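>>> here is my input; please provide its structure:
(one chain, ligands or ions: 1)
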Amino acid sequence: MNPAITWCIADSAPLRERLTQLALPATLFADHWQSGAEPAESVQAVLEWQDDHIQLRPLAKELGNPIAVDFLHGKTGFRAQRFAHEMIVKAVAGRSREPLTVVDATAGLGRDGFLLAAAGFSVTLMERHPAIATLLADGLYRAAQDADMAPVCARLRLQVGASHDLLQQIPPAQRPDVIYLDPMFPERQKTALVKKEMRIFRDVVGEDDDATALLEMALQRAHKRVVVKRPRKADTIGSRKPGHQLTGTSSRFDVYTTG
Ligand SMILES: C[S@@+](CC[C@H](N)C(=O)[O-])C[C@H]1O[C@@H](n2cnc3c(N)ncnc32)[C@H](O)[C@@H]1O
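Numbering: from 1, shown residues only. Predicted structure coming up:
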């Protein structure tokens with residue numbers, strides 16, 4: 001992880017209450033609470049309470065719009081989608097008909113992971129950035145209150161930490177069928193520049209310059225396959241060649257068979 005910007009947490013009673021409900025480890029935030037009435041000059045984004053949710057708000061306009069995780073409404077709302085036809089679902093499922101277990105080891109804002117859970121897979125989300133993991137946990141918490149989304153949320157669990165470590169801790173008998181990776185790469189960041197709402201995400205996460213090592217670890221831990229999402233024309237991660245590729249209009253899925 002090569003984070004580009006600094007962030008802090010604006011204290012408030014509803015935010016504290018939600019963090020308690022989310023049961024995230026307090027150590028995640030220990031160094032991030034805002035100390036004075038205003039954020040320190042070095043701080044470029046604030047994690048805060050807004051209406052009924054947690055958001056990450058950039059302090060400068062050029063860093064884009066605030067981001068939050070919302071699985072219920074808008075573009076990322078999941079009600080109307082036909083999951084079986086999504087390329088990501090085809091890449092992860094392969095020829096399997098049975099419901100597979102999946103680790104999404106680069107969970108981010110959880111769109112891919114949620115889609116996989118909506119398609120019927122049991123998904124463990126792993127995210128190492130504390131602010132992003134908090135947004136994701138908050139989005140999952142709100143989705144779980146919705147009668148339609150609750151069954152999907154029941155197939156999802158979030159682990160906060162570095163996937164290299166978390167994957168290593170999984171006992172052999174509980175290894176997932178599939179490990180899914182969607183690391184933040186420099187060439188992807190240029191594409192993200194056009195999307196105003198994603199600028200702060202890209203800037204707070206930085207580049208995932210350890211993705212090759214994560215792929216190697218994933219290949220040792222997945223029962224059936226590892227699926228890596230890449231921009232359509234980007235190189236593969238590292239020098240390994242995937243068994244096959246599924247290519248869409250802007251993304252590509254590199255599939256590495258492991259078992
Ligand atoms: C491009 S984003 C993933 C977006 C995600 N697929 C989605 O649909 O929202 C990459 C995310 O993976 C996380 N990440 C990258 N490497 C990781 C690792 N080794 N362990 C845990 N999280 C990681 C980054 O912090 C970032 O949030």
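>>> Tyr256: neighbour count?
Neighbours of Tyr256 under the rule other CB atoms under 10 Å: 21. In short, each C-beta sits where N, CA and C put it, glycine included.
>>> contacting residues around it?
By CB atoms under 8 Å, 6 or more residues apart in numbering, the contact set of Tyr256 is Leu215, Leu219, Arg225, Val226, Val227, Val228, Arg240, Pro242, Gly243.
>>> at 7 Å instead, please
For Tyr256, the contacting residues are Leu219, Arg225, Val226, Arg240, Pro242, Gly243, by CB atoms under 7 Å, 6 or more residues apart in numbering.
>>> and for Leu24?
Going by CB under 7 Å, 6+ apart, Leu24 touches Thr134, Ala137, Val160.
>>> sorry, back to before: ranking the contacts of Tyr256 by neighbours, who comes first?
Val226 (29 neighbours).
>>> phi first, then psi, for it.
Torsion angles at Val226 (phi, psi; degrees, to the nearest 10) stand at phi -120, psi 130.
>>> any idea what it is bridged to?
Taking DSSP bridges as the rule, Val226 bridges to Ile179, Tyr256.
>>> and the residue of the chain nearest the ligand?
Gly108 (2.7 Å; CB to the nearest ligand atom).
>>> would you confirm that that residue contacts His129?
No - Gly108 sits out of contact with His129 when judged by CB atoms under 7 Å, with a separation of 8.6 Å.
>>> most widely separated two among the contacts of Tyr256?
The span of these, defined through CB to CB, is set by Arg225 and Arg240 at 13.0 Å.
>>> and the strands in the stretch 151-259 of the chain?
Assigned by DSSP state E, counting those that start in this stretch, the strands in the stretch 151-259 of the chain fall at 156-160, 178-181, 225-231, 244-247, 251-257.
>>> just the stretch 1-150 of the chain next, same as before
7-9, 45-50, 53-58, 101-104, 122-127.
>>> which elements pack onto the first one?
Taking 3 or more CB pairs under 7 Å, 6 or more residues apart in numbering; DSSP states H and E as the contact definition, the neighbouring helices and strands of strand 7-9 are strand 45-50.
>>> again, only using 10 Å
With contacts taken as 3 or more CB pairs under 10 Å, 6 or more residues apart in numbering; DSSP states H and E, strand 7-9 sits against helix 13-22, strand 45-50, strand 53-58, helix 130-144, helix 199-205.
>>> residue numbers of the stretch 101-250 of the chain in contact with the ligand?
When proximity is defined as CB under 6 Å from any ligand atom, the stretch 101-250 of the chain approaches the ligand at 105-106, 108-112, 126-129, 132, 162-164, 182-184, 205, 208, 214.
>>> now these: which count as buried?
105-106, 108-112, 126-129, 132, 163-164, 182-184, 205, 208, 214 (16 or more other CB atoms under 10 Å).
>>> okay, buried residues for stretch 38-47 please.
Pro39, Gln44, Ala45, Val46, Leu47.
>>> how far does it sit from the chain's center?
23 Å (CA atoms, centre = their mean, to the nearest Å).
>>> and the average pLDDT for it is what?
Model confidence over stretch 38-47, given as mean pLDDT, is 89.
>>> likewise for stretch 87-106?
93.
>>> what's the span of that stretch, first residue to last?
Distance across stretch 87-106, first residue to last, is 18 Å (CA to CA, to the nearest Å).
>>> give the contact list for Gly259.
Each residue near Gly259 by CB atoms under 10 Å, 6 or more residues apart in numbering is listed here: Arg175, Asp177, Ala222, His223, Lys224, Arg225.
>>> now the fourth one: phi and psi?
Read that as His223. The phi/psi pair for His223 (degrees, to the nearest 10) is phi -70, psi -40.
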